[in-house]
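K.L.:
With the input below, show me the fold.
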Amino acid sequence: MRTETYKIWEPGEYSYEHAFGFVPNITSYIHEDDVKRPCILVVPGGAYCVVAPSEGELVALKFYEKGYQTFVLTYTVNYLQAVPLKLQPLKDISRAVRYIRRNADAFGVITDELTVCGFSAGGHLCGSLCAHYEDIKDEAAEYGGISNRPDSAILSYPVITFGEQTHRVTRIALLGEDASAEELEYMSLEKQVTEKTPPCFIWATATDEAVPVENSEMYVRACREKGVPCAFHMFTRGKHGLSLADADWANGIHMPLYTEEQIVAVMRRVYAGEVQVSERVRAEWDEMEKQQKEGDVRVPEPEVAVWPELADAFLKNH
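P.N.:
Model (predicted):
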């Protein structure tokens, strides 16, 4: 297996106020042979505040074992919830898709079998690309004519709406607290599905305490209304952030911290007193620390852990 990290933006192409030297990148998990294979770009969640390690390499390796060339995207996040991201994460994933297709021969990728696989806010990001790929142009000449449209999508317990059933922190990190009605409409993906939206496999749990399952139901309904092929699996139980929901996930295996590169850069500035943190965000950090001390016990969910097999069957049929 060939594992390398590639920065997807060249010097001068990328800027975000709280990047502090971080540049969005993809990490590869590629078969070392001459066979061209379908590709899956894994996009972890984290409320657009972090890129969760538990939804990165672990998932990429699972689909690598199924014969895919896989990548994990580390995209721009707003850890301090101070500088709204707006379209930057969408530009990141768009460039990542074009980057993989541009280097398809080197990566051994079949260019028209590229799937985006997102979790929670990462699911929102993948869904945003499926809805708005035509809006995201690339000014770099070498990417001219290279499509950023995914051929299919896997959305795992995704944030879909920025309306009543949204995940509040996700919405604030992306658009800020004073988002316009037009921005909220644009990022409410149940309102953005068209006949050209890629086929979608979507799954969630009925007991998700963070992102209501109604998010997934809205998206599925929109796909059906527009004639977009979709599969939907709502499992009976399971908390938010299940990832693979298997023993490896429960035991914290295959979760390297490279997806937290931007967070490390931000926290260095915070500790040095160069960046201020709002009282609201500090309160959220304190609450997270309290929950961790009380014990965040991970328990495998065998019913849910079958989802990669179901998704693989879906992709092979579309």
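K.L.:
Okay, and the beta partners of Ile154?
P.N.:
On the basis of DSSP bridges, Ile154 is bridged to Cys117, Phe201.
K.L.:
Count residues in the vicinity of it, would you?
P.N.:
Counted with other CB atoms under 10 Å, residues neighbouring Ile154 total 30. C-beta: built from backbone N, CA, C; applies to glycine.
K.L.:
any idea how far it is from Lys91?
P.N.:
Separation of Ile154 from Lys91 (CB to CB, to the nearest Å): 21 Å.
K.L.:
and if you look at Glu309?
P.N.:
Glu309 sits 33 Å away from Lys91 when distances are taken as CB to CB.
K.L.:
So which of these two has more stuff around it?
P.N.:
Set Glu309 next to Lys91 and count neighbours by other CB under 10 Å: Lys91 wins out with 22 against 11.
K.L.:
for Met218, helix, strand, or coil?
P.N.:
The three-state assignment at Met218 reads helix, by DSSP: H, G, I helix; E, B strand; the rest coil.
K.L.:
That one is in contact with Pro158, isn't it?
P.N.:
No - counting by CB atoms under 8 Å, Met218 does not reach Pro158; the two are 10.1 Å apart.
K.L.:
Which of those two has more residues huddled nearby?
P.N.:
A direct count of neighbours by other CB under 10 Å for Met218 and Pro158 places Pro158 higher, at 29 against 20.
K.L.:
what's the weakest-modelled helix or strand in the protein?
P.N.:
Lowest by mean pLDDT, DSSP states H and E among the helices and strands of the chain is helix 279-294, with a mean of 75.
K.L.:
Now do the buried residues in whatever helix or strand comes next after that one.
P.N.:
Downstream of helix 279-294, the first helix or strand assigned by DSSP states H and E is helix 307-316. Buried residues in helix 307-316, counted by 16 or more other CB atoms under 10 Å: Trp307, Pro308, Ala311, Asp312, Phe314, Leu315.
K.L.:
Ok, stretch 59-71 next?
P.N.:
Val59, Ala60, Leu61, Lys62, Phe63, Tyr64, Lys66, Tyr68, Gln69, Thr70, Phe71.
K.L.:
so where do the helices sit in this protein?
P.N.:
Taking DSSP state H to define them, one finds helices in the chain at 57-65, 88-102, 104-107, 121-132, 168-175, 181-186, 214-226, 247-250, 261-271, 279-294, 307-316.
K.L.:
Tally up the residues packed near the residue lying closest to Leu310 once chain neighbours are set aside, please.
P.N.:
The shortest distance from Leu310 to any residue other than its chain neighbours is 6.2 Å, reached at His233 (CB to CB, 6 or more residues apart in numbering). Counted by other CB under 10 Å, the residues lying close to His233 total 17.
K.L.:
what's the distance between His233 and Glu301?
P.N.:
Separation of His233 from Glu301 (CB to CB): 13 Å.
K.L.:
With Ala250 instead?
P.N.:
Distance of Ala250 to Glu301, computed by CB to CB: 9 Å.
K.L.:
more crowded one of the two?
P.N.:
Each of Ala250 and Glu301 has its neighbours counted (other CB under 10 Å); Glu301 has more, 21 against 17.
K.L.:
Got phi/psi on the more buried one?
P.N.:
The phi/psi pair for Glu301 (degrees, to the nearest 10) reads phi -120, psi 90.
K.L.:
which residues does Pro38 contact?
P.N.:
Contact analysis of Pro38 by CB atoms under 8 Å, 6 or more residues apart in numbering lists Gly67, Tyr68, Gln69, Val109, Ile110, Glu113, Leu114, Thr115, Leu315.
K.L.:
if I pick the last one, what's in contact with it?
P.N.:
The one in question is Leu315. Leu315 makes contact with Pro38, Thr115, Ser152, Ile154, Phe201, according to CB under 8 Å, 6+ apart.
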